[in-house]
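J.: Give the three-dimensional model of this entry:
(chains A, B, C and D)
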There are 2 protein chains.
Amino acid sequence: MNEVAATGISVLLVDDHPIVRQGYRRVLESQGDLHVVAEADNAADAYGAFKAHDPDVVVLDISMPGASGLEAIRNIRARSPRARILVFTMHNEAVLVKAAFGAGASGFVTKSSEPSAVVNAIRSVARGERAMSDDIAHVLAEDSLSPTGSVLDQLGEREIEILRQFAGGATTEEIAAHLNLSVKTVQNYHYLIKSKTGARTDAQLVRLAATCGLTRI
Amino acid sequence: MNEVAATGISVLLVDDHPIVRQGYRRVLESQGDLHVVAEADNAADAYGAFKAHDPDVVVLDISMPGASGLEAIRNIRARSPRARILVFTMHNEAVLVKAAFGAGASGFVTKSSEPSAVVNAIRSVARGERAMSDDIAHVLAEDSLSPTGSVLDQLGEREIEILRQFAGGATTEEIAAHLNLSVKTVQNYHYLIKSKTGARTDAQLVRLAATCGLTRI
DNA sequence: ATCCGGCTTGGGAAATTTGCCCGAGCTGCA
DNA sequence: TGCAGCTCGGGCAAATTTCCCAAGCCGGAT
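T.: Numbers count the residues shown, from 1 in each chain, chains lettered A, B, ... in the order given. Next up, the predicted model:
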């Protein structure tokens, strides 16, 4: 195994914007101990690049077209449980953070973070530690992170079905009719799902459902 | 007037993500003829920085918190009609592009563009030419041919901005705070957007925004 | 110059939904 | 047997949505 700790930390950059990758690359390389050994611009290529270069840390933006970034995390972790993945995105929704950690991410920093915070997060993740930026810690703190895995694992069958129909665009009445439930019960499930997943908005719920593959858009 | 053509092109960078600015700065500086003379992380500061440094080109991301990026473009152009503004964002929706040029932008390139395309666009804009990346030209071309305009064409600028933030997961209060509007007004827009687009559900609204490229999931 | 229409901004009030409490029946499991 | 969790719904105050309206502004048409 090539443990490159002595020579620095090798990084695989995954982001769909070329110039953004280019910028990150320069910022990271200027640190001295960080070396970008490969890049990928989509989730599908990410695992191939990971296999080919065995980087110490994968830095990836989960908001990419095509397959979900969460999928990429699961993909890499499933076959290489040692992989250290740092999610680096502009989103700071608790549901996404939990989903990312649930999928196997080692860290989560937002693009609002100072560059120094980002590079420190990379170093932390490379050492095997968990890392997150201050704003993420805040949203998670208010949310009381549950130690269970994927967000959907917290949901029962009924809850998932209602979430699917809701994210698909169905109204509360339609869902109630489809499932032969009272409107009140559907409303309660709606609320329950929100509190379980930490979504504070219907829109966040739809995004969650989409990132979990519950609905396609 | 300090025409700095002989010594290169001075650039003001406006983007709300520190590390992204840092990255752009390094990419641009490495070109030799491009010099980042100032940065701003929000629309409000952008004009101040513009006045203070009189850059040849303003490179700005229109998807920022606070006042809309379009607002910033109008702001700068209103007081300095000579200003050259290059919009640089991940969004590629035709309505946004048209709105940006309408507000006075000189160019529009997406973050999907190759770095070389971006720096060439900056040079073109500095020479007073109009510039846009290939993908933008493509969406504009298709848009002009399409008999059935996008659903988003029915929406005004404010409505689009609010839809984007809503679909991104922001609450009504957050949107109101971002745009300096009353909660009531945001609620009214929310309703207005629904009736205009025919969406009967928040979830449908999010899906609509996603299929129009207003938000990424 | 004037009017018309659309955008933007908000008020008001009724209708609906949310947020969060509760209990009850069911199942599986220890 | 008992506990835990899912499913289902009642209740009720608080918040939001829904829909109507008005006023200012601006651009285009007359």
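J.: Nearest spatial neighbour of the residue of chain A found nearest chain B, chain-adjacent residues omitted?
T.: Using Cβ to the nearest Cβ, the single residue of chain A nearest to chain B is residue A:23, 1.9 Å away. In this view, the C-beta of every residue, glycine as well, is placed from N, C-alpha and C. Excluding the flanking residues, the one nearest residue A:23 by Cβ to Cβ, 6 or more residues apart in numbering or on different chains is residue B:23, at 1.9 Å.
J.: helix or strand for the one you found, which one?
T.: helix B:18-29 (DSSP states H and E).
J.: Could you tell me which strands sit next to the next helix-or-strand element following that helix in the sheet, and their orientation?
T.: Going down the chain from helix B:18-29, the next helix or strand is strand B:34-40, by DSSP H and E. Taking DSSP bridges as the criterion, strand B:34-40 forms sheet pairs with strand B:9-14 (parallel).
J.: contacting residues around the partner strand?
T.: For strand B:9-14, contacts defined as Cβ atoms under 8 Å, 6 or more residues apart in numbering or on different chains pick out B:4, B:21, B:24-25, B:28, B:33-43, B:46, B:49-50, B:53-61, B:64, B:69, B:72, B:122-123, B:126.
J.: pLDDT (mean, whole number) over that strand?
T.: Averaging pLDDT along strand B:9-14 yields 94.
J.: Taking their axis directions, it and helix B:18-29 sit at what angle?
T.: Using axes from the mean of the first three to the mean of the last three Cα atoms, to 10 degrees, the direction of strand B:9-14 lies 170 degrees away from that of helix B:18-29.
J.: Output strand B:9-14 as CSV - backbone C-alpha positions only.
T.: Output of strand B:9-14 as CSV, limited to C-alpha atoms (Å, rounded to 0.1, in the frame of the first residue of the first chain):
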residue,chain,number,x,y,z
ILE,B,9,-6.7,43.9,-17.4
SER,B,10,-7.9,44.7,-13.9
VAL,B,11,-10.6,42.6,-12.5
LEU,B,12,-13.1,42.8,-9.6
LEU,B,13,-14.2,39.4,-8.4
VAL,B,14,-17.7,39.1,-6.9
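J.: Quick check on the residue of chain A found nearest DNA strand D: phi, psi?
T.: Going by Cβ to the nearest atom of the strand, DNA strand D is nearest to residue A:156 of chain A, at 2.4 Å. When read as degrees, to the nearest 10, the backbone of residue A:156 gives phi -80, psi 180.
J.: List the contacts of it.
T.: By Cβ under 8 Å, 6+ apart, residue A:156 has no neighbours at all.
J.: In this structure residue A:99 contacts residue A:208, no?
T.: Yes. The pair residue A:99 / residue A:208 is scored as a contact, 7.0 Å apart, by Cβ atoms under 8 Å.
J.: For residue A:73, which non-adjacent residue is closest in space?
T.: Using Cβ to Cβ, 6+ apart and skipping the chain neighbours, the partner closest in space to residue A:73 is residue A:103 (4.1 Å).
J.: my read: that neighbour touches residue A:77, true?
T.: Yes. Using Cβ under 8 Å, residue A:103 is in contact with residue A:77, at 7.1 Å.
J.: which of those two has more neighbours?
T.: Neighbour totals were compared for residue A:103 and residue A:77, and residue A:103 leads with 26 against 18 (other Cβ atoms under 10 Å in any protein chain shown).
J.: Quick check: that one vs residue A:70, distance?
T.: Using Cβ to Cβ, to the nearest Å, residue A:103 is found at 5 Å from residue A:70.
J.: Contact residues of chain A facing DNA strand C?
T.: A:171, A:172, A:173, A:183, A:187, A:188, A:190, A:191, A:194, A:195, A:200, A:202 (Cβ under 7 Å from any atom of the strand).
J.: The fourth one against residue A:174, yeah?
T.: No. Counting by Cβ under 8 Å, residue A:174 is not a contact partner of residue A:183; they are 10.0 Å apart.
J.: if you count what's nearby, which of these two comes out ahead?
T.: Between residue A:183 and residue A:174, counting by other Cβ under 10 Å, residue A:174 is the more crowded of the two (16 against 13).
J.: Now do the longest helix along chain A: which elements does it pack against?
T.: Taking DSSP state H as the criterion, chain A has its longest helix at helix A:183-197. With contacts taken as 3 or more Cβ pairs under 8 Å, 6 or more residues apart in numbering or on different chains; DSSP states H and E, helix A:183-197 sits against helix A:157-167, helix A:172-179, helix A:202-211.
J.: Apart from its neighbours in sequence, what residue is nearest residue A:7?
T.: residue A:35 (8.0 Å).
J.: pLDDT score for the one you found?
T.: Residue A:35 carries a pLDDT value of 94.
J.: tell me the contacts of residue A:53?
T.: By Cβ under 8 Å, 6+ apart, residue A:53 lies in contact with A:10, A:12, A:37, A:38.
J.: which residue sits closest to residue A:19 in space, ignoring its chain neighbours?
T.: residue B:115 is the one closest to residue A:19 (Cβ to Cβ, 6+ apart), at 4.5 Å.
J.: Can you verify my assumption that the one you found contacts residue A:17?
T.: No. If you go by Cβ under 8 Å, residue B:115 and residue A:17 don't touch, sitting 9.9 Å apart.
J.: Could you chop chain A up by domain?
T.: A:9-143, A:152-211 (automatic domain parsing).
J.: okay, these in CSV with distance to residue B:135 next?
T.: Formatted as CSV, those follow (distance: least, Cβ to Cβ, whole Å):
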stretch, distance to residue B:135
domain A:9-143, 12
domain A:152-211, 23
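J.: hang on, the earlier thing: correct me if wrong: the residue nearest to residue A:7 contacts residue A:57.
T.: No. Contact between residue A:35 and residue A:57 fails when scored by Cβ under 8 Å: they sit 10.4 Å apart.
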